[in-house]
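Peer 1: Next comes the sequence, and after it the predicted model I'd like to discuss.
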Amino acid sequence: MAEKLKITFLGTSGAIPTARRNHPATVLKYKNETILIDCGEGTQRQFRKAKLNPCKITKILITHWHGDHTLGLAGLLQTLIMNGYRGNLEIHGPIGTKNEIDLLISTHLQSYFKFANETNSDLKIATFDHKIGKIIETEEFLIETIPISHTCRGLSYSFTIKEKQRLNKEKLEKLKIPNGPLLGELAKGKKIKLDGKEINGKEFIYLEQKKKLTLITDTSYNEELSNFAKDSDLLICESTHSKEENEIAESHGHLTSHQAAKIAKDAKVKKLALIHLSQRYDAIPKKILDEAKEIFKETIIPKDLDYLEL
């Protein structure tokens, strides 16, 4: 059974939160990785509401250093220390991220790190500044970036689970093959003999297709965004403005509903999830949704704490 990529929308508002929508934050869970993308004010409370454990976070990806995307970081790190977080926490972001984290720690968290040294907390922070391209690669997944066109330096991210050959464990269980070299041979697609019968490993191997998620926020429109999101199973994209607000969107470095939908259509994604809605559409998100669907039918507007699997 293929491992699922699990997405939780902790915050889906724009720069100003509302009673319904918190500041931006999205959680990706895949196997042993829990990745938080952005950490707006109130994010740690959203973790509680979603029944997620913030001490499971392995990586934080920052799109840019505007307050609505980062003002929850100090409180979240404080909570990790006080809850005895153990291990290495990676924080990735655009150029300047290391300086921002160093400043945050020196101005807000020094006493808490002193507390950590006196307790069982072992929080170690590794900070990485990135420009563009591949930033993390493991045997299982790949994380890539592209620069955004906003009022400050920033990045959008894609998370790709690599295509991989896997053994069909359910079929194998019926054969009752013990753990050992025989299973290893089958995993390589080779033939083995069991109780006088020949078993072809190729019959138990299937190809797990790659899965791709792309998150784009905050940025004005450019065609490279579609190339970056190409063939995504899910595109999470800002839609701060309605289709009538092109000039405002461009001047503030944001996207309209039509522009987000055009990116999705040109990228041939399977589903589009619109986030970062302006407070003016808080009570009428259907306006933004209907506009996007004029161009790309497979569009949704998730609410805070909504959950998807790929």
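Peer 2: Arrived safely, thanks for sending.

Peer 1: Could you list the low-pLDDT ranges of the stretch 101-250 of the chain?
Peer 2: Low-confidence segments of the stretch 101-250 of the chain (pLDDT under 70): 114-121, 178.

Peer 1: Now do the strands in it.
Peer 2: Assigned by DSSP state E, counting those that start in this stretch, the stretch 101-250 of the chain shows strands spanning 122-130, 133-137, 141-147, 155-161, 164-167, 191-194, 197-200, 205-208, 211-216, 234-238.

Peer 1: among those strands, which is the most enclosed?
Peer 2: When the strands of the stretch 101-250 of the chain are scored by mean count of other CB atoms under 10 Å, the highest mean neighbour count falls to strand 234-238 (a mean of 28). From N, CA and C alone the C-beta is placed, and that goes for glycine too.

Peer 1: packing partners for that one?
Peer 2: strand 211-216, helix 257-267, strand 272-275 (3 or more CB pairs under 8 Å, 6 or more residues apart in numbering; DSSP states H and E).

Peer 1: Which residues outside that strand are in contact with it?
Peer 2: Outside strand 234-238, the residues within contact range by CB atoms under 8 Å, 6 or more residues apart in numbering are 7, 14, 26, 212-219, 229, 254-255, 260, 263-264, 267, 269-276, 308, 310.

Peer 1: Over to stretch 157-165?
Peer 2: Residues contacting stretch 157-165 (CB under 8 Å, 6+ apart): 3, 5, 28, 30, 35, 37, 61, 63, 139-146, 189, 205-215, 228-229, 232.

Peer 1: Break this structure down into its structural domains.
Peer 2: Per automatic domain parsing, the domain ranges recorded for the chain read 6-163+209-309, 165-206.

Peer 1: Would you tell me which one of those is buried the most?
Peer 2: domain 6-163+209-309 (a mean of 19).

Peer 1: and it, how far apart are its ends?
Peer 2: End-to-end distance for domain 6-163+209-309: 5 Å, by CA to CA, to the nearest Å.

Peer 1: Helices of the stretch 51-200 of the chain, start to end?
Peer 2: With DSSP state H, counting those that start in this stretch as the criterion, the stretch 51-200 of the chain has helices at 67-70, 73-82, 97-104, 110-118, 169-175, 181-187.

Peer 1: Kindly reformat the strands of the stretch 101-250 of the chain as JSON lines containing distance to residue 224.
Peer 2: As requested, these are exported to JSON lines (distance: least, CB to CB, whole Å):
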{"stretch": "strand 122-130", "distance to residue 224": "17"}
{"stretch": "strand 133-137", "distance to residue 224": "13"}
{"stretch": "strand 141-147", "distance to residue 224": "6"}
{"stretch": "strand 155-161", "distance to residue 224": "10"}
{"stretch": "strand 164-167", "distance to residue 224": "28"}
{"stretch": "strand 191-194", "distance to residue 224": "48"}
{"stretch": "strand 197-200", "distance to residue 224": "46"}
{"stretch": "strand 205-208", "distance to residue 224": "29"}
{"stretch": "strand 211-216", "distance to residue 224": "11"}
{"stretch": "strand 234-238", "distance to residue 224": "14"}
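
Peer 1: Out of these, the one nearest residue 179 is which?
Peer 2: Between residue 179 and these, the tightest spacing by CB to CB is seen for strand 164-167, at 12.3 Å.

Peer 1: So what are the sheet partners of that closest one and their directions?
Peer 2: strand 205-208 (antiparallel) (DSSP bridges).

Peer 1: show me the residues around residue 19 that make contact.
Peer 2: With contact set as CB under 8 Å, 6+ apart, residue 19 has these partners: residue 282.

Peer 1: Likewise for residue 255?
Peer 2: Residues in contact with residue 255 (CB under 8 Å, 6+ apart) are 216, 219, 220, 221, 237, 238, 239, 240, 241, 249, 263.

Peer 1: cutoff 7 Å now
Peer 2: 219, 220, 221, 237, 238, 239, 240, 249 (CB atoms under 7 Å, 6 or more residues apart in numbering).

Peer 1: ok, the fourth one to residue 53 distance?
Peer 2: Right, residue 237. Going from residue 237 to residue 53 by CB to CB, to the nearest Å gives 28 Å.

Peer 1: Distance-wise, check residue 33 relative to residue 143.
Peer 2: For residue 33 relative to residue 143 (CB to CB), the value is 10 Å.

Peer 1: scratch that, residue 93 is what I was asking about
Peer 2: 12 Å.

Peer 1: host element of the residue nearest to residue 306 when sequence neighbours are not counted?
Peer 2: Nearest in space to residue 306, with sequence neighbours left out and distances taken as CB to CB, 6 or more residues apart in numbering, is residue 9 at 4.9 Å. Element membership for residue 9, per DSSP states H and E: strand 6-11.
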